[in-house]
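**Student:** Show me the folded form of this:
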Amino acid sequence: MAKKTKNLSLVKETVLNENEEIQYSIFGTYETKTLGQETVKNGVLVATNKRIIFYAKRFSGYDLENFDYNKISTFELSKKFTGNTLSFYSSGNKVNMKWINDAELDDFIAYVNNKMQGPKEQPSQTENKNDNLEQIKQLKELLDMEAITQEEFDLKKKQLLNL
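**Tutor:** The predicted model follows:
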């Protein structure tokens, strides 16, 4: 895959921002419109820790498109005899890459799907404290019903209050 390797080295040299790293990449044919005409371009679709980049080396220069993970609405894959086809919608535009025969395809798709979901929200400290207080109230009820001992209650209460 000399074309893929060459395109990836050019992406690293000319496109990546500071603290941006390539996670996965696939090589295929990108379908797009140029000056109102349907056209195809061979290149790489690169998943970085920040965005998806399409990059295609040209005789003089390159073609480049960026897609933010938070602006991708759907991500589709179809497998055909001539190779795989990957499609997604970003900011109302359909992105279509076909004739993909790349070992990284499954990892690429899993990574992008994970990034599209966004970061997992961590519960706030206030929510954690409220949950802990609720658990202490429930433990107190169990203590009052003599379902647990005073020692069990005190131990669990210390754990919940981080004492």
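**Student:** okay, CA-based contacts and neighbour counts for the rest of this
**Tutor:** Fine.
**Student:** which stretches of this protein have low pLDDT?
**Tutor:** 1-2, 33-35, 118-129, 163 (pLDDT under 70).
**Student:** Mind splitting it into its structural domains?
**Tutor:** Domain assignment for the chain by automatic domain parsing gives 2-117, 125-160.
**Student:** Adding mean neighbour count as columns, could you present these in TSV?
**Tutor:** Formatted as TSV, those follow (neighbours: other CA atoms under 10 Å):
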stretch	mean neighbour count
domain 2-117	16
domain 125-160	13
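**Student:** now the strands for this structure?
**Tutor:** In the chain, the segments counted as strands under DSSP state E are 22-34, 37-48, 51-58, 61-68, 72-80, 83-90, 93-100.
**Student:** from the chain's centre, how far out does stretch 25-39 sit?
**Tutor:** Centroid separation for stretch 25-39 versus its chain: 23 Å, with CA atoms, centre = their mean, to the nearest Å.
**Student:** What of stretch 7-21?
**Tutor:** Distance of stretch 7-21 from its chain centroid, counting by CA atoms, centre = their mean, is 18 Å.
**Student:** who's in contact with it?
**Tutor:** In this structure, residues lying in contact with stretch 7-21 by CA atoms under 8 Å, 6 or more residues apart in numbering are 43, 44, 48, 49, 50, 55, 56, 57.
**Student:** at 10 Å what do you get?
**Tutor:** Defining contact as CA atoms under 10 Å, 6 or more residues apart in numbering, one finds that stretch 7-21 is touched by 2, 4-5, 22, 25-27, 42-51, 53-57, 62, 64.
**Student:** Also stretch 31-40?
**Tutor:** 28, 29, 30, 41, 42, 87, 93, 94, 95, 96, 97, 98.
**Student:** Could you rerun that using 7 Å?
**Tutor:** Residues from elsewhere that reach stretch 31-40 (CA atoms under 7 Å, 6 or more residues apart in numbering): 29, 30, 41, 96, 97.
**Student:** pretty sure the third one contacts residue 54?
**Tutor:** No. The pair residue 41 and residue 54 does not pass the contact test of CA atoms under 7 Å, sitting 9.9 Å apart.
**Student:** thinking again about what came up before, Throw the strands of the chain into a markdown table and include distance to residue 130, thanks.
**Tutor:** What follows is those, written out as a markdown table (distance: least, CA to CA, whole Å):
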| stretch | distance to residue 130 |
| --- | --- |
| strand 22-34 | 39 |
| strand 37-48 | 38 |
| strand 51-58 | 37 |
| strand 61-68 | 36 |
| strand 72-80 | 35 |
| strand 83-90 | 39 |
| strand 93-100 | 44 |
